[in-house]
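In: have a look at this fold, sequence not included:
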């Protein structure tokens, strides 16, 4: 990663914005159920109230994280094209000769088989490397290598 604001792919930015909308909606729903200080209830009511207040605080933290990441991405510029970074599209050739074109992202997406998160073993190994480099990483089946064939950036 870099010392400054991190770039983010268009797909990841869209995913963050969708998550932010969902979190804001859930927060509004939960916050609407909180009672005022003068409400009367039994211990079970108090426990429920504390749980909802805790949920609102958790949602507020995640909302703040996402808002900060979106602000950061707006000043970061496009993903790098000279070295692998978050938002890069990279073609790699694995040790068995198979080639794959992958996108490096901050966020996992179970529906996108071509997406690799930057904190996964392969994603972490690729960060900062250039076309022509060979990276080593630990996979569940043991140590692996991947040759960086080419790279670009997500749109």
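Out: Received it, and whenever you're ready, just let me know what you need. Since the structure is predicted, the reported quantities are computational estimates derived from the model, not experimental observations.
In: ok, then the element right after the biggest helix by length in the chain?
Out: Under DSSP state H, the helix in the chain containing the largest number of residues is helix 43-76. Counting by DSSP states H and E, the next helix or strand C-terminal to helix 43-76 is strand 88-94.
In: so what are the sheet partners of that next one and their directions?
Out: Looking at strand 88-94 with DSSP bridges, its partner strands are strand 99-105 (antiparallel), strand 142-153 (antiparallel).
In: just say which of these is most tucked in.
Out: With neighbours taken as mean count of other C-beta atoms under 10 Å, the strands paired with strand 88-94 reach their highest mean count in strand 99-105, at a mean of 19. Quick note: C-beta positions are derived from backbone N, CA and C, even for glycine.
In: go ahead and name everything in contact with it.
Out: Judged by C-beta atoms under 8 Å, 6 or more residues apart in numbering, the contacts made with strand 99-105 from elsewhere in the structure are 9, 11-12, 84-94, 112, 114-118, 122-123, 126-127, 149, 154.
In: is there a quick PyMOL command that grabs whichever of the residues you listed are buried?
Out: Buried members of the contacts of strand 99-105, identified by 16 or more other C-beta atoms under 10 Å, are gathered into one PyMOL selection as follows:
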select buried, resi 9+11+12+84+85+86+87+88+89+90+92+115+116+117+118+122+123+126+127+154
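In: how about low-confidence regions in this structure?
Out: For the chain, applying pLDDT under 70 flags the ranges 1-9, 11, 36-42, 75-81, 107-113, 153-155.
In: about what we covered before: show me what the longest helix of the chain packs onto, helices and strands only.
Out: Taking 3 or more C-beta pairs under 8 Å, 6 or more residues apart in numbering; DSSP states H and E as contact, the helices and strands that helix 43-76 lies on are helix 10-31.
In: any buried residues in the helix it packs on, and which?
Out: By neighbour count, with 16+ other C-beta under 10 Å as the criterion, the buried positions of helix 10-31 are 11-13, 15-16, 20, 23, 27, 30.
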